[in-house]
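# test case, fold it:
(2 chains)
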Number of protein chains: 2
Amino acid sequence: MPTSPGPFAGRTIADLARDLREGRTTSTALVRLALDAIAELDPLLNAFVTVDADGARAAARRADEELGGGLDRGPLHGVPVGVKDLIMVAGLPVSMGSRHFAGHAAVSDAACVARLRAAGAVIVGKTNTHEFAYGPTGDRSAAGPSRNPWDPARMPGGSSCGSAVAVAAGMVPLALGTDTGGSVRIPAALCGVAGFKPAYGAIPVDGVFPLAQTLDHVGVLAGHEQDCLVAYRSLVPGGARVDDRPSRGVAWLDPTGLFACDAQVARTTRQALEAGTGPLEELALSADEAAELRETYTAIQSSEAAAVHAARLAEAPELFDPEVLERLRVATEMPGWRYVRAVRARPRHAEVVGALFDRHDVVALPTVPITAPFLGQRATELDGESVAVRAALLAFTSPWNVLGFPALSVPAGTVRGLPVGLQLICRPGREHLLFEAAHGGPLPG
Amino acid sequence: MPTSPGPFAGRTIADLARDLREGRTTSTALVRLALDAIAELDPLLNAFVTVDADGARAAARRADEELGGGLDRGPLHGVPVGVKDLIMVAGLPVSMGSRHFAGHAAVSDAACVARLRAAGAVIVGKTNTHEFAYGPTGDRSAAGPSRNPWDPARMPGGSSCGSAVAVAAGMVPLALGTDTGGSVRIPAALCGVAGFKPAYGAIPVDGVFPLAQTLDHVGVLAGHEQDCLVAYRSLVPGGARVDDRPSRGVAWLDPTGLFACDAQVARTTRQALEAGTGPLEELALSADEAAELRETYTAIQSSEAAAVHAARLAEAPELFDPEVLERLRVATEMPGWRYVRAVRARPRHAEVVGALFDRHDVVALPTVPITAPFLGQRATELDGESVAVRAALLAFTSPWNVLGFPALSVPAGTVRGLPVGLQLICRPGREHLLFEAAHGGPLPG
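You can find the predicted model right below:
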């Protein structure tokens, strides 16, 4: 990574938790490291839109006092985290990446933030988001684009761009994001970190600005998938608990049934997985089902997003980023009957696509079919044809939002010097197997 | 009524049931009366699109044998009924009033038809419907318009036009209809019969061709509201059972809060009710709430109907009636975001409009603000202004489809020689009070 990694790169939450409890560090020291790294790295990378240095220091002092006094809130206790600027943190500005909310401050914590705090985490600031989370590129925000730490000329992916960049650059060990079509997993893949979108509804969206309410998920980004699991268990008490049904293993889903895929990305991600599992059975979706999944996603996402923004589109369109404005205007034209059919199609998708999980617990494919394009780039070449960057970025992730299935992206090496992500999907209730598969075998403990 | 009424005019199902059991008539004789009346009256009125004389005679023989052998299926046993041609009856043609289904026969009975048969009713034929039930005027069908028995130059209202006409003209004592925005109650009011739309989902819609699935209801039409109650109890075992909470009475809802209303219609319907109850407290909806209810109804009805017909609109638009085609084309342009907002508004409507029922069990207003216009008439004058006939017909009935509340229309006299309907609405679970209110006091027995 050309950009020098910050202090949390390569350190897991388990490491930090041990160091904290064994007296080798304090929350105050970790927060100082985070703030210093942000001060050093963020002028280039633009991961953070708000840094709450005073609030973080005060929270760190409390965390240290609690730990010193024997109150241990668990593995996130004293750990610095970033929170996507689409999620309310009481008293801090919340912009949704948009001029529409310039100067706006949140009155109360989102439910997921309240849970983070109850778990002892220390919020150091708000991370950049693609405007209103309405884009997977992460390069359109009132705060300017976030930049990919692997090559600051490239996009980080989005919409949780700042969270992925902050973690990838080692400014914080953990960040919250949201994922409506891939907004946690896409930037995780493009920035070489882990990103986990749990089952629909597993983490409540109260206090999170909506993009498309029946597709919106809260998720977590961290350097290592085990940190995502730790965070998930802290956010969802009882989440991803190990059940005692035996695992039926992992299958590979041919990504080209969904969208064109860079052959090196497909090979690299598959090899990364098969290095642990051995050769995998390959599954496929029909072209019809893939096309209908795309239509379902598009109809729902467009209609629900346009419903969220109808008043702003009518009253102050000039405050939107021009690209976001144009896309929202297209979204307002999505006919209601296509939305109706999309909503009705969801149970059928759950049945047809869900059948992929009849003989395996986990299905794997690349997270994204390409490596990070340049900032502002909107077309790329795949298999000798020009494809739209947005469509490519979303192609492998959005189906799992339609189904509401848990999906994890883990770093799986590099292609031409840029990171690629392996995506692992399961039915709700089998989350622990995602992490086992990513880990290359049964989890320890 | 200028058209001489058929044999069932003025005879209640209770009368028929007593006559059947006391040996004064047989189901075979009742079916013969129905078939003869159809043969005599229907060339003018066009209530029926299919008459199943052989099937009805055979069913009547079985009904008579059963009654003779001591098997009594209840009050509908042996009673001739008509079924709207949007509802499947096994083996009979089902056209939905459209050339799209010319020559199409139903393979199995709709759930409501199966229940009718289990209750011993004898299906004599299929009644005309506005094409695909997509219109409250009842004058656009591949089978031609049905005509109002009170003046054959006038529309019967729709979409359950044939069912209302068949009952009003005394061809059958009972008919099934469907009601998405008023399609049972509007023709009941315009033809001077009773029509009952139960709570959403109370009578299953399986085997009923959809118009707008979250608004569609199955309902019943009969000469007298007590017959609607008898039929409802037969279709929904346990339906409208008397609960023991004391009744909190009836309130009048100012209809002009919803739409302009012919002053004589308002006065006549209110007086008909107050003759039994004495002066009523008057409630009102705000203009904003009324406008939002209309928007919610329109967005949902348009989007869901266009979803039902999208393939036909693309592949064979020429088979639609031109007016229905034009309206469906408009419906396909309803934006998805308005549908999304409408779906979200429904719980709020249930709360705001539901508050009308906080201090009263039954709310009353006219069923329709006008008397029957002429066939094909699309504008009329109300309060000195021109209004659209379709909008006027639906204005007082469609809110109760948005809420899914039970609603009963009962004959309430005439205005300028044409019948008007009084509409009574309640929360689900208080249905018996609608019938008490219509009856002018507590129900006997």
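# list the residue ranges of the stretch 101-250 of chain A that fall below the pLDDT cut-off.
Across the stretch 101-250 of chain A, nothing is flagged by pLDDT under 70.
# contacting residues for the residue in the stretch 51-200 of chain A that chain B sits nearest to?
Closest residue of the stretch 51-200 of chain A to chain B, C-beta to the nearest C-beta: A:Y134 (13.5 Å). All C-beta atoms are positioned from the backbone trio N, CA, C, and that covers glycine. By C-beta atoms under 8 Å, 6 or more residues apart in numbering or on different chains, the residues touching A:Y134 are A:S159, A:L211, A:A305, A:V324, A:R327, A:L328.
# number of nearby residues for A:H349?
Around A:H349 there are 18 other residues, counting by other C-beta atoms under 10 Å in any protein chain shown.
# surely it meets A:L293?
Yes. A:H349 lies in contact with A:L293 (C-beta atoms under 8 Å); the separation is 6.0 Å.
# who touches both of these two?
Counting by C-beta under 8 Å, 6+ apart, the residues touching both A:H349 and A:L293 are A:P399, A:V402.
# returning to that earlier point: which of the contacts of A:Y134 has the most neighbours?
For those, neighbours tallied by other C-beta under 10 Å; top is A:S159, 35 neighbours.
# so who does it touch?
A:86, A:97, A:129-130, A:133-136, A:138, A:177-178, A:180, A:183, A:187, A:211.
# helices along the stretch 51-200 of chain A, start to end?
A:53-68, A:111-118, A:161-168, A:185-191 (DSSP state H, counting those that start in this stretch).
# same list, those helices, but as TSV with mean neighbour count and distance to A:V410 please.
As requested, these are exported to TSV (neighbours: other C-beta atoms under 10 Å in any protein chain shown; distance: least, C-beta to C-beta, whole Å):
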stretch	mean neighbour count	distance to A:V410
helix A:53-68	17	28
helix A:111-118	20	22
helix A:161-168	37	13
helix A:185-191	36	8
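# so which of the ones you listed comes closest to B:I13?
For the helices of the stretch 51-200 of chain A, distance to B:I13 was read as C-beta to C-beta. The smallest value, 56.0 Å, belongs to helix A:111-118.
# what sits up against the closest one?
Counting by C-beta under 8 Å, 6+ apart, A:59, A:73, A:76, A:81, A:83, A:87-90, A:109, A:123, A:176, A:203-208, A:218, A:234-235 sit against helix A:111-118.
# tell me the spacing between A:A39 and chain B.
Between A:A39 and chain B the distance is 42 Å, computed by C-beta to the nearest C-beta, to the nearest Å.
# element containing that residue?
helix A:27-45 (DSSP states H and E).
# for that helix, buried residues please.
For helix A:27-45, a neighbour-count test (16 or more other C-beta atoms under 10 Å in any protein chain shown) marks A:27-35, A:37-38, A:41-42, A:45 as buried.
# and stretch A:349-360, by the same measure?
A:H349, A:V352, A:V353, A:L356, A:F357, A:H360.
# now it, how far from the centre of its chain.
The gap between the average C-alpha position of stretch A:349-360 and the chain average comes to 24 Å, counting by C-alpha atoms, centre = their mean, to the nearest Å.
# quick one: end-to-end length of it, please.
18 Å (C-alpha to C-alpha, to the nearest Å).
# what about it, average pLDDT?
Mean pLDDT, stretch A:349-360: 95.
# kindly report the same for stretch A:76-88.
98.
# show me what contacts the one residue sitting closest to the centre of chain A?
Among the residues of chain A, the one closest to the centroid is A:V184, at 1.2 Å (C-alpha atoms, centre = their mean). By C-beta under 8 Å, 6+ apart, the contact list for A:V184 reads A:S160, A:S163, A:G177, A:T178, A:G195, A:F196, A:K197, A:H217, A:G219, A:V220, A:L221, A:S409.
# out of the residues you listed, which is nearest to B:G68?
For those, the nearest to B:G68 is A:H217 (65.7 Å; C-beta to C-beta).
# is it true that the closest one touches A:G181?
No. Counting by C-beta under 8 Å, A:H217 stays clear of A:G181, with 9.9 Å between them.
# what about A:P237, distance to B:L356?
43 Å (C-beta to C-beta, to the nearest Å).
# check contacts around A:L382.
A:A260, A:C261, A:D262, A:P369, A:I370, A:A392.
# what about the fifth one, how many neighbours?
Right, the one you point to is A:I370. 24.
# what do you get for the third one?
A:D262 has 22 neighbours, counted by other C-beta under 10 Å.
# quick one, helices of the stretch 201-350 of chain A?
So, for the stretch 201-350 of chain A - with DSSP H, counting those that start in this stretch - the helices run A:225-235, A:263-277, A:287-315, A:322-332, A:336-352.
# and the residue sitting furthest away from the middle of chain A, what does it touch?
Distance from the C-alpha centroid of chain A peaks at A:G69, with 34.9 Å (C-alpha atoms, centre = their mean). With contacts defined as C-beta under 8 Å, 6+ apart, A:G69 has no neighbours.
# any idea of the pLDDT on it?
pLDDT at A:G69 comes out at 96.
# now do the strands in the stretch 1-150 of chain A.
Along the stretch 1-150 of chain A, counting by DSSP state E, counting those that start in this stretch, strands occupy A:48-51, A:80-84, A:122-127.
# make CSV from the ones you listed and add mean neighbour count to it.
Putting the strands of the stretch 1-150 of chain A into CSV (neighbours: other C-beta atoms under 10 Å in any protein chain shown) gives the following:
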stretch, mean neighbour count
strand A:48-51, 22
strand A:80-84, 31
strand A:122-127, 29
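# turn those into CSV, columns for distance to chain B.
Putting the strands of the stretch 1-150 of chain A into CSV (distance: least, C-beta to the nearest C-beta, whole Å) gives the following:
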stretch, distance to chain B
strand A:48-51, 28
strand A:80-84, 23
strand A:122-127, 28
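# which of these sits closest to A:R416?
strand A:122-127 (27.0 Å).
# show me what that closest one is packed against.
With contacts taken as 3 or more C-beta pairs under 8 Å, 6 or more residues apart in numbering or on different chains; DSSP states H and E, strand A:122-127 sits against helix A:27-45, strand A:48-51, helix A:53-68, strand A:80-84, helix A:111-118, helix A:161-168.
# try 6 Å this time
Strand A:122-127 is packed against helix A:27-45, strand A:48-51, helix A:53-68, strand A:80-84, helix A:161-168, with contacts defined by 3 or more C-beta pairs under 6 Å, 6 or more residues apart in numbering or on different chains; DSSP states H and E.
# export that strand as CSV, just CAs?
Presented in CSV, the C-alpha positions along strand A:122-127 are these (Å, rounded to 0.1, in the frame of the first residue of the first chain):
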residue,chain,number,x,y,z
VAL,A,122,-15.1,5.2,21.7
ILE,A,123,-16.5,7.1,18.7
VAL,A,124,-13.7,9.3,17.2
GLY,A,125,-15.7,10.8,14.4
LYS,A,126,-17.9,10.5,11.4
THR,A,127,-16.8,9.0,8.1
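# what parts of the stretch 201-350 of chain A come near chain B?
A:303-304, A:306-307, A:310, A:332, A:334-337, A:339-341 (C-beta under 6 Å from any C-beta of the partner chain).
# name the nearest of those relative to A:L16.
Closest to A:L16, out of all of those and judged by C-beta to C-beta, is A:E304, at 38.0 Å.
# OK, contacts around the nearest residue to that closest one once chain neighbours are set aside?
Nearest residue to A:E304, sequence neighbours excluded (C-beta to C-beta, 6 or more residues apart in numbering or on different chains): A:A212, at 3.7 Å. Each residue near A:A212 by C-beta atoms under 6 Å, 6 or more residues apart in numbering or on different chains is listed here: A:T180, A:Q301, A:E304, A:A305.
# ok, the third one - contacts?
Applying C-beta under 6 Å, 6+ apart, one finds that A:E304 lies in contact with A:A212, A:Q213, B:V340.
# this completes my enquiry, with thanks.
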